[in-house]
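**Q** Model the structure of this input:
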Amino acid sequence: MALLTKLFSARKKLRSSVARVPDEMILYAVCDIHGRDDLLRDLIANIVEDLDLTAAKPVLLFLGDYIDRSFGSKAVIDFLLSDALAPSEPRFLKENHEATRLDFLRDGDAGPQWTQYGGADTLRAYGVNPPNKMFDQPAWKTAHEQFATKLPLAHLQFFEALELYAHYGDYCFVRADLRPGVPIDQQVDNDLLWSRDEFLNHNRPFGHVVVHGHSASLEPSHSNIRIGVDTGAYITGRLTAARLEADRVSTRTGNA
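**A** Here you go, the predicted structure:
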């Protein structure tokens, strides 16, 4: 069983996987940015440099958690909406942090829950002071109104358009996890955005190799069942992308 799992190391090619991406295509999967726009810029610069060495069609898959826990949440979205990702094709998936932020936009009473996931840092990034007391309802009403006013329309449209999953070749890309035994098109949002232990403890193939975030570790993980690319950027100062081309898996990193 130990032979099935192999850790990545940045910019080192790993052993070939039986899974493949479509011919003449190169995929980069990034997740759990959590407001670290500095790491994102460094990572994208490394990817752009990498693309100078290939003629393959590049697709950048962002697996969610763009915001919270750091002060650069607004800057991350500004960057993703800029032309910095050209000429790659970007696709953006939803994470539980984005779902909770949308909950707050619909109902200010969701503010205390959002702060448990680092939402206060996102409010500050948009120029809104979070309430000093978690359950100060009038203060949350004010913060809710201010945030709705200060959130740029382009950012709102970005969050509302986020996808839940993507398929390329033998890979399925999701924010968090999949519920074993349930077809991807029958999974509910809670499965794709929040589940963890049942997925991580599952040791049988899903039909695709699942590329996911949401479960941080010091190094990405790789097996013939799943690839986890969350390296806890907001804590470690290291943002990782899985690089998939043909039947090869490697990584690129952004560092502080």
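**Q** which stretches of the chain have low pLDDT?
**A** Within the chain, the segments meeting pLDDT under 70 span 1-17, 97, 176-206.
**Q** quick one: the helices in it?
**A** In the chain, helices defined by DSSP state H lie at 37-51, 73-80, 96-106, 111-115, 119-125, 137-150, 153-160, 189-194, 197-200, 233-236, listed in chain order.
**Q** elements contacting the fourth one?
**A** Right, the one you point to is helix 111-115. Of the remaining helices and strands, those touching helix 111-115 by 3 or more CB pairs under 8 Å, 6 or more residues apart in numbering; DSSP states H and E are helix 96-106, helix 137-150. Where you see a C-beta, it was placed from the backbone N, CA and C, and this is true even at glycine.
**Q** Just say which of the ones you listed is most tucked in.
**A** Each of the helices and strands packed on helix 111-115 was scored by mean neighbour count; the highest is helix 96-106, a mean of 19, by mean count of other CB atoms under 10 Å.
**Q** and that one with helix 153-160, angle?
**A** On the basis of axes from the mean of the first three to the mean of the last three CA atoms, to 10 degrees, helix 96-106 is oriented at 120 degrees to helix 153-160.
**Q** Remind me what helix 96-106 packs against, helices and strands.
**A** In terms of contacts (3+ CB pairs under 8 Å, 6+ apart), helix 96-106 is packed against helix 111-115, helix 119-125, helix 137-150, helix 153-160, helix 189-194.
**Q** Show me the one of the helices of the chain that comes nearest residue 253.
**A** Nearest to residue 253, of all the helices of the chain, is helix 37-51, at 6.5 Å by CB to CB.
**Q** can you give me the end-to-end distance of stretch 82-99?
**A** Its first and final residues considered, stretch 82-99 spans 23 Å by CA to CA, to the nearest Å.
**Q** about what we covered before: please tabulate the helices and strands packed on helix 96-106 in CSV, including the columns distance to residue 71.
**A** Shown next, in CSV, are the helices and strands packed on helix 96-106 (distance: least, CB to CB, whole Å):
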stretch, distance to residue 71
helix 111-115, 15
helix 119-125, 6
helix 137-150, 15
helix 153-160, 16
helix 189-194, 24
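**Q** Out of those helices, which gets nearest to residue 170?
**A** If you check each of these against residue 170 by CB to CB, helix 189-194 wins as the nearest, at 19.0 Å.
**Q** Can you name the residues that contact the residue lying closest to residue 42 once chain neighbours are set aside?
**A** Nearest-residue entry for residue 42: residue 254, 3.8 Å, with adjacent residues in sequence omitted and distances by CB to CB, 6 or more residues apart in numbering. Under the criterion of CB atoms under 8 Å, 6 or more residues apart in numbering, the contact list for residue 254 reads 38-46, 233, 238-241.
**Q** gap between residue 254 and residue 75?
**A** Separation of residue 254 from residue 75 (CB to CB, to the nearest Å): 14 Å.
**Q** buried sites along stretch 228-247?
**A** Of the residues in stretch 228-247, those with enough neighbours to count as buried (16 or more other CB atoms under 10 Å) are 228-234, 236, 238-246.
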